[in-house]
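**Student:** dropping a prediction and its sequence here:
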Amino acid sequence: MSRPRVLMTTGDPGGVGPEILRSVLQTGELQDAAEITVIGPRRAVESVPEGVRWDDVDLPTLRFHGRPHPDNGRVTLLTLEEACRRMGRNEADLLVTGPASKEAVRRCGIPFTGHTEYFGQVFQAKPYMIFLTGSMPVALFSMHLPFREIAEALTKTSLEEFIRGLSTAWTRQLNSHPRFRVAGLNPHAGEGGLLGVEEREIIEPAIETLLTEGIEVEGPIPADSLFLHPDGPDTVAVALYHDQGMIGAKMMSQGHAVNCTLGLPFLRTSPDHGPAFDIAGTGKADPESTRRAVLEGIQLLGQRR
C-alpha cells in the first residue's frame, strides 16, 4: 500500500509555524509515515530537512514581521490559495495547515475569520471544527462567533442541522458512527428554566427529533460536567461556543489538541495554537501539536480504507 500524501503549509511566516515545522520534520519520523510536501516561503527556515519536498511559495519582495502584519498576511494567503488548488486537484490525501494570524490576513482587506471558514467558502461546503484530545473529541456548534451572538445563533433547526450534518460527515470521512453529548448553554443546563430557557425550548426538542432519526445523542448536559468522564473517540462532546469547548479540549489534551476539519472534500488537520509571535525565534515553541496533527491525520486516513 502506498504511503499517504501529506501537504503542509507553513502558516504565518513571522510566527512559530516555520520553525516548528522544521523541528518536527528534522527527526524524519513523519517522512517515514508519509510523503511530505511543504508549501510556503523557503527563506522562513534555516534549511529543509531531508526527505521533504519543499515548494517555495513566496512573495520575496516582502519582509516578514514578528507581529500581525499585512506582508505576512499576503504570504499566508498565497500559500492557502495554492493549498486549495492542490487539494482541489487531489494532489494530497491530507492537508495540515500551520498557524495563521487572522489579524494579519484581515489587514490585507480579506474578511478572514479562520482556516475552517475559509476552506468552507472556497469549496462551498459546510465545515465542522473538531478537536481531537486523546480522550473525547470536542465539536464546536459555533466557531469564531462573538459571545453576544451565540444565543441568537442557537435555534432548534440550526442545532439539528449541525448535529445531523456532523454525523453524516463523521461517518463518511472517518468510517464510524459517533455518539453526541450536547452541552447546555446556561449554568446547570438552565436548572429547569430557572437560569435560562434555551435548554427546555431549543436543545431538548432538537435532541428528541434527532433521536427519532436514529442519531445517538444525549443532553443537555451542564457544561461544567461535560468533560469529567470522557467516553472515548467515538463519543463527541458538542460545545455550543468556542471557549465552552476549547477549555475542556485544551485541558484533556494538555495543550496538544489537534484541530480536525470535517465536511470538506478532503481531510484537514492543524495544531491547536496560533502563530505566537512573542516566542517566535526563541526555540520555546512546542512542536508536539503539529506532530500530532500529522500522525493523527494519517491515522484517520487509515480508518477510511
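**Tutor:** Arrived safely, thanks for sending. Quick caveat: nothing in here was measured; it's all calculated off a predicted structure.
**Student:** show me the protein divided up by domain.
**Tutor:** The chain is divided into the following domains under automatic domain parsing: 1-125+264-305, 128-256.
**Student:** now these in TSV, with mean neighbour count and mean pLDDT?
**Tutor:** (Glycine included, C-beta is placed from N, CA and C.) Output for these, formatted as TSV (neighbours: other CB atoms under 10 Å; pLDDT from 0 to 100):
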stretch	mean neighbour count	mean pLDDT
domain 1-125+264-305	19	95
domain 128-256	18	92
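**Student:** which one in this structure is furthest away from the centre?
**Tutor:** Outermost residue of the chain with respect to the C-alpha centroid, by CA atoms, centre = their mean, is residue 194; its distance is 34.9 Å.
**Student:** give me phi/psi at it?
**Tutor:** Listed backbone geometry of residue 194 is phi -70, psi -40, with angles given as degrees, to the nearest 10.
**Student:** do you know how far it is from residue 144?
**Tutor:** From residue 194 across to residue 144, the span is 31 Å (CB to CB, to the nearest Å).
**Student:** then residue 111?
**Tutor:** Using CB to CB, one obtains 11 Å as the distance from residue 111 to residue 144.
**Student:** ok, now which ones touch residue 14?
**Tutor:** Residue 14 is in contact with 64-67, 69, 72, 104, 275, 277, 280, counting by CB atoms under 8 Å, 6 or more residues apart in numbering.
**Student:** relative to the whole chain's centre, how far out is the strand or helix carrying residue 131?
**Tutor:** Assessed by DSSP states H and E, residue 131 sits inside strand 128-132. The offset between the C-alpha centroid of strand 128-132 and the centroid of the whole chain comes to 5 Å, using CA atoms, centre = their mean, to the nearest Å.
**Student:** list the contacts of the helix or strand following it.
**Tutor:** Sequence-wise, the next helix or strand downstream of strand 128-132 (DSSP H and E) is strand 138-140. The list of residues contacting strand 138-140 from outside it, by CB under 8 Å, 6+ apart, reads 128-131, 166, 180, 227, 236-239, 241-242, 245-246, 248-249, 252, 257.
**Student:** please, where are all the strands along the stretch 1-150 of the chain?
**Tutor:** In the stretch 1-150 of the chain, strands defined by DSSP state E, counting those that start in this stretch lie at 5-9, 35-40, 52-56, 94-96, 128-132, 138-140, listed in chain order.
**Student:** report the inter-axis angle for the second one versus strand 5-9.
**Tutor:** In this case it means strand 35-40. When axes from the mean of the first three to the mean of the last three CA atoms, to 10 degrees is applied, the directions of strand 35-40 and strand 5-9 differ by 20 degrees.
**Student:** if I look at residue 237, how far off is residue 80?
**Tutor:** Residue 237 sits at a distance of 29 Å from residue 80 (criterion: CB to CB).
**Student:** enumerate every residue touching residue 160.
**Tutor:** If you count contacts by CB under 8 Å, 6+ apart, then residue 160 has 206, 209-210 around it.
**Student:** run the last query once more with 10 Å
**Tutor:** If a contact means CB atoms under 10 Å, 6 or more residues apart in numbering, then residue 160 has 202, 205-210, 213, 215, 217 as its contacts.
**Student:** that one should be in a helix, yeah?
**Tutor:** Yes - Residue 160 sits within a helix when classified using DSSP: H, G, I helix; E, B strand; the rest coil.
**Student:** distance check, it against residue 219.
**Tutor:** From residue 160 across to residue 219, the span is 13 Å (CB to CB).
**Student:** could you do residue 60 as well?
**Tutor:** 52 Å.
**Student:** what sits closest to residue 5 if chain neighbours are left out?
**Tutor:** With CB to CB, 6 or more residues apart in numbering as the criterion, residue 5 has its nearest non-adjacent residue at 4.4 Å, and that residue is residue 92.
**Student:** can I assume the one you found is in contact with residue 266?
**Tutor:** Yes - taking CB atoms under 10 Å as the definition, residue 92 is a contact partner of residue 266 at 7.5 Å.
**Student:** any common contacting residues for those two?
**Tutor:** Any residue near both residue 92 and residue 266 by CB under 10 Å, 6+ apart counts here, and that gives 7, 86.
**Student:** quickly list what's touching both of residue 111 and residue 144.
**Tutor:** Overlap between the neighbourhoods of residue 111 and residue 144 consists of residue 117, taking contacts as CB under 10 Å, 6+ apart.
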